[in-house]
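**Student:** Fold the following for me, if possible:
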Amino acid sequence: RAVPDMPQDSIFRNALQLGIADQDVVRRGNAFELRGVHPIFSEGRVIGAVLASYVLDKAWLVEQHEETGMHVAFTHEAQVLGSTHDAFDRVDSRAIFAVKELGGQGGEFVRWPIELHGEPHDAVFCPIERDQQAVFLSSLVMLVSAQPMIETRARARRAMALTGAVGLAVATLLAALFAYGLSRPIRRLADVADAMRHGDLARRTGIRRSDEIGELALAFDEMAATLQGHVETVRRLAVTDDLTGLPNHRRFKEDLQREVDRHNRFEASLCLVFLDIDHFKRVNDNFGHAEGDQVLKDIARELQLGVRAVDTACRYGGEEFGVILPSTEIDAAVAVAERIRAAVAAKPMGREGHKVTLSAGVAILPIDASTAQGLLECADARLYQAKETGRNRVVYSDS
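**Tutor:** Predicted coordinates:
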């Protein structure tokens, strides 16, 4: 019997007329839909078909970029369907076909080197498969900068492999849908997969069965727990200074804004100490950057020893540090700054035992400023006043 001509449903017609399973991609604005069809046979005749789909949107790509710093794209055949960076348009299409040829090797990926803005990058392609027979749907691509992530590349590659496992798990869900129909366990698996796709990595299926679906659910839950751990590690690294172990500039700005918001709600006092190493360039120039790095580590240790658990000591950048002191009046904040300054001045720093001093500026909310940026600018101005008036001192007023 003839099948009506329905837009974008050629694969559905093929299943009804010819009994051939097929796949297609449908664009829907900023999203695209991976669709697969499985024919239903009775006594050698095709009597129907199951159409299942999985929608992916660009918002998910943007979330992954914000959380990991890696650019991401989805591809189908040699076409980039959605991405967070136009550089994907310059990736050799041979890599897309190479990952398609990995059928039957779940978890494998293809690395393709490219150059972007004069720096080497890796475009890593992970297959997304429809079922356990490795019927290829599309591929997930992550663009990893080789230069700034040398030390964390091993962790990043494990995360990429896990991301490929997520794609394989989703494909396995489609295969289970084709094989077993719309049962409650399958719907539960699909709901958890959708929740994970939207960022809820703590969700688990909770399915306990002794059949193949139970084995699939157990494997999915174990994979989800591993993925959650890796994502949490990546998030922690994103706000931690690799050298000193202190919170970095990004975490400093977030914590300062949070404490300012808390001050605005509860009128709790808030002080900020901004510190800078005096003549730090001399250490780097005369003894090398490795020795300078050791000095930074030693000073970071003194900062951690000199503050309370509720305080936040951060590496702002270079040889500058910041200390956020919630519920602290100006006299107590000055005492903290003086204690840190004296401790650093009294101890030899680095492997060579350098005599190092700090200059510091202190500001308080709301007397010196009313916003996080204003508080930072005031403390920074007083830091430079300490520099200009002799260094190795703490300045806490404009007089």
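**Student:** Report the contact partners of residue 314.
**Tutor:** Counting by C-beta atoms under 8 Å, 6 or more residues apart in numbering, residue 314 makes contact with 241, 246, 247, 248, 249, 251, 252, 255, 321, 322, 323, 324. For the C-beta atoms, the positions are set from N, CA and C on the backbone; glycine is no exception.
**Student:** And the strands in the stretch 251-399 of the chain, which stretches?
**Tutor:** Along the stretch 251-399 of the chain, counting by DSSP state E, counting those that start in this stretch, strands occupy 270-277, 312-317, 320-326, 358-365, 394-395.
**Student:** and the direction of the fourth one versus that of strand 320-326, what angle?
**Tutor:** I take that to be strand 358-365. Angle between the axes of strand 358-365 and strand 320-326 is 30 degrees (criterion: axes from the mean of the first three to the mean of the last three C-alpha atoms, to 10 degrees).
**Student:** now strand 358-365, how far from the chain's geometric center?
**Tutor:** 33 Å (C-alpha atoms, centre = their mean, to the nearest Å).
**Student:** before we move on, the earlier item: just the buried ones among the contacts of residue 314, please.
**Tutor:** Buried positions within these, assessed by neighbour count (16 or more other C-beta atoms under 10 Å), are 241, 246, 247, 248, 251, 252, 255, 321, 322, 323, 324.
**Student:** want to throw those into JSON lines with distance to residue 293 and pLDDT?
**Tutor:** Listed next are the buried ones among the contacts of residue 314 as JSON lines, based on distance: C-beta to C-beta, whole Å; pLDDT from 0 to 100:
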{"residue": "241", "distance to residue 293": "11", "pLDDT": "88"}
{"residue": "246", "distance to residue 293": "13", "pLDDT": "92"}
{"residue": "247", "distance to residue 293": "18", "pLDDT": "91"}
{"residue": "248", "distance to residue 293": "15", "pLDDT": "90"}
{"residue": "251", "distance to residue 293": "20", "pLDDT": "90"}
{"residue": "252", "distance to residue 293": "20", "pLDDT": "92"}
{"residue": "255", "distance to residue 293": "24", "pLDDT": "92"}
{"residue": "321", "distance to residue 293": "14", "pLDDT": "96"}
{"residue": "322", "distance to residue 293": "19", "pLDDT": "95"}
{"residue": "323", "distance to residue 293": "21", "pLDDT": "96"}
{"residue": "324", "distance to residue 293": "24", "pLDDT": "95"}
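**Student:** Nearest to residue 332 among the residues you listed?
**Tutor:** Residue 332 has its nearest neighbour among the buried ones among the contacts of residue 314 in residue 323, at 12.0 Å by C-beta to C-beta.
**Student:** partners of that closest one in the sheet?
**Tutor:** Bridge pairing for residue 323 (DSSP bridges) gives the partners residue 273, residue 313.
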